[in-house]
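J.: Sequence and predicted model, in that order:
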Amino acid sequence: MNKFKCLTGIIFMLLYLLKSSSAVNSSNIADLVNKNLINSEHYCTYRYYEPYPEYHFQLLAGWSCYNYAHPKWMKNGKIEKANQGVIHNLTQYKIPYIVVNNKSVVFDYNDAKYTEIIKNLHVEEKYYAKWLNCARTAMECCKQLNKNDLKPNDNYPCPAIWDGYTCYEKTKPNTIVKKLCPLYLTSNDKFVCNLESAKECTADGWNHQTDYALCSSSFRLRDRHIFHVIFLAVASAFMIPSIFIFLYYDKLKQWRFVLHRNLILAIFIKNILVVTSKNLIIINAVNVQQEESVMDNDYTWCRVLTFFENLSKNLIFTCMTADATHSHKTIVRAFARDTNAYIMYGIIVVASTIPTIVWSILMG
């Protein structure tokens with residue numbers, strides 16, 4: 001009985017210490033915010049929230065850059081935030097923070113002890129650099145915002161805001177504002193062309209949702225792949241009659257015609273495999289609406305399909321070489337006997353397969 005009471009007391013003590021530790025962390029955040037007020041008279045607006053003091057805004061914008069980043073940029077996914085209420089000028093503001101290894105972390109990009117922790121949350125340093133760029137751009141936006149532009153009025157129902165990725169000035173109703181897409185929005189190191197996001201201003205204010213789908217090159221890549229698939233499918237359909245003619249007529253079963261037929265068959269098979277690969281794998285992977293692509297879910301059969309696709313491409317070149325070699329031999333040595341078909345087929349298979357196997361091994 002005494003042992004049970006002792007164990008119960010230890011448990012309650014541990015719970016109390018944990019609670020006390022949490023309280024200390026929260027008070028530390030409040031102290032940090034109050035101590036680091038950059039300019040308590042300058043306010044900035046984040047999305048549809050009320051205007052925040054500058055330093056409060058910095059922490060909120062830093063968290064939003066982390067929150068809106070792709071989950072795959074983080075080592076163990078994104079950590080759920082908590083909020084700490086902070087009073088400033090008789091107004092309470094919620095300051096987001098996360099807990100990492102029992103430490104409260106705010107998103108202050110000027111504080112090295114926090115940025116080091118945030119950096120270690122990312123898979124690669126380039127993704128951390130994107131977060132840092134986003135947070136700094138938010139503060140550049142904040143410094144540019146005029147105090148008189150933060151509240152809506154009849155002429156400008158859409159106030160100046162930072163929407164989480166982009167800075168928007170005050171805007172008149174029934175307007176669609178387009179802005180260049182920021183590079184930190186995507187995993188790309190650069191844009192090959194200028195892409196623009198779109199945000200609508202109505203008589204009731206900003207549309208809460210900014211259209212950033214336009215910032216993805218996936219749509220353009222998808223359209224190119226779809227065009228390629230259609231083109232290959234049409235070309236393959238036109239090849240079917242020629243394959244049937246080669247197979248049906250006995251007069252076309254001479255060795256030189258067989259080589260032509262094999263080349264057409266290799267091209268036809270390659271087209272079918274490319275169409276299949278693009279439809280099932282590539283177009284699915286570039287679809288921005290997908291959280292996980294087919295390749296993420298079933299990697300093995302994707303590798304198998306890619307192996308045979310590359311094999312068919314090599315087969316085209318070996319068949320072209322065999323056809324060219326036979327044509328050359330026919331011109332130079334017109335009365336020589338034809339090469340043994342089995343030997344020729346063996347050379348074609350070996351010359352096509354070995355490079356594909358080597359590629360497969362090197363690609364892992």
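T.: Nice, thanks for sending it over. Residues are numbered from 1 along each chain as shown.
J.: what's the strand or helix carrying residue 140 packed up against?
T.: Assigning secondary structure by DSSP states H and E places residue 140 in helix 125-144. With contacts taken as 3 or more Cβ pairs under 8 Å, 6 or more residues apart in numbering; DSSP states H and E, helix 125-144 sits against helix 54-67, helix 112-121, strand 161-162, strand 167-168. Just so you know, the C-beta spots here come from the backbone N, C-alpha and C atoms, and that holds for glycine as well.
J.: was I right about residue 189 contacting residue 127?
T.: No: contact criterion Cβ atoms under 8 Å: residue 189 and residue 127 do not qualify, at 11.5 Å.
J.: Residue 315 against residue 270, yeah?
T.: Yes: using Cβ under 8 Å, residue 315 makes contact with residue 270 at a distance of 7.3 Å.
J.: sorry, back to before: most tightly surrounded among the helices and strands packed on helix 125-144?
T.: Scoring those by mean neighbour count under mean count of other Cβ atoms under 10 Å gives strand 161-162 as the most buried, with a mean of 26.
J.: Figure out which of the helices and strands packed on helix 125-144 is closest to residue 223.
T.: Closest of the helices and strands packed on helix 125-144 to residue 223 is strand 167-168, at 28.9 Å (criterion: Cβ to Cβ).
J.: Name the strands paired with that closest one and say parallel or antiparallel.
T.: strand 161-162 (antiparallel) (DSSP bridges).
J.: which residues make contact with the partner strand from outside it?
T.: Strand 161-162 has contacts (Cβ atoms under 8 Å, 6 or more residues apart in numbering) with 44-48, 57, 61, 138, 141-142, 145, 167-168, 206.
J.: Just the buried subset of the residues you listed, please.
T.: Using 16 or more other Cβ atoms under 10 Å as the burial test, those include 44, 45, 46, 57, 61, 138, 141, 142, 145, 167, 168, 206 as buried.
J.: so which one among the residues you listed has the lowest pLDDT?
T.: In terms of pLDDT, residue 145 ranks lowest among the buried ones among the contacts of strand 161-162, with 84.
J.: circling back: neighbour-wise, which of residue 315 and residue 270 wins?
T.: residue 315 (24 against 21; other Cβ atoms under 10 Å).
J.: Quick check: the gap between the nearest residue to residue 270 once chain neighbours are set aside and residue 356.
T.: Leaving out its chain neighbours, the residue that sits closest to residue 270 by Cβ to Cβ, 6 or more residues apart in numbering is residue 312, at 3.9 Å. In this view, residue 312 and residue 356 are 9 Å apart by Cβ to Cβ, to the nearest Å.
J.: cool, residue 70 as well?
T.: Taking Cβ to Cβ, one finds residue 70 at 33 Å from residue 356.
J.: likewise residue 79?
T.: Distance from residue 79 to residue 356, counting by Cβ to Cβ: 44 Å.
J.: Next: residue 308.
T.: Taking Cβ to Cβ, one finds residue 308 at 9 Å from residue 356.
J.: same check, this time on residue 219
T.: Distance check for residue 219 against residue 356: by Cβ to Cβ, it reads 32 Å.
J.: who has more neighbours, these two?
T.: The residue with more neighbours, out of residue 219 and residue 356, is residue 356; 19 against 15, by other Cβ under 10 Å.
J.: For that one, pull up the helix or strand it's in.
T.: Assigned by DSSP H and E, residue 356 falls within helix 341-362.
J.: tell me which residues in that helix are buried?
T.: 344, 348, 351, 352, 355, 356.
J.: buried set for stretch 204-211?
T.: By neighbour count on 16+ other Cβ under 10 Å, the buried set for stretch 204-211 is 206, 210.
J.: re the thing from before, need the buried ones among the contacts of strand 161-162 in CSV with distance to residue 303, can you?
T.: Below are the buried ones among the contacts of strand 161-162 laid out as CSV (distance: Cβ to Cβ, whole Å):
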residue, distance to residue 303
44, 49
45, 49
46, 45
57, 48
61, 42
138, 42
141, 45
142, 48
145, 51
167, 44
168, 45
206, 46
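J.: Would you check that residue 312 makes contact with residue 266?
T.: Yes: applying Cβ under 8 Å, one finds residue 312 in contact with residue 266, separated by 6.4 Å.
J.: Could you check which helix or strand contains residue 177?
T.: Per DSSP H and E: strand 175-180 holds residue 177.
J.: Could you list the buried residues of that strand?
T.: 177, 179.
J.: got the CA positions of that strand in PDB?
T.: Extracted in PDB, the C-alpha atoms of strand 175-180 (Å, rounded to 0.1, in the frame of the first residue of the first chain):
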ATOM      1  CA  THR A 175     -10.600  43.200 -59.800                       C
ATOM      2  CA  ILE A 176      -8.400  40.200 -60.300                       C
ATOM      3  CA  VAL A 177      -4.800  41.000 -59.200                       C
ATOM      4  CA  LYS A 178      -2.000  38.900 -60.800                       C
ATOM      5  CA  LYS A 179       1.400  38.600 -59.200                       C
ATOM      6  CA  LEU A 180       4.600  36.800 -60.300                       C
END
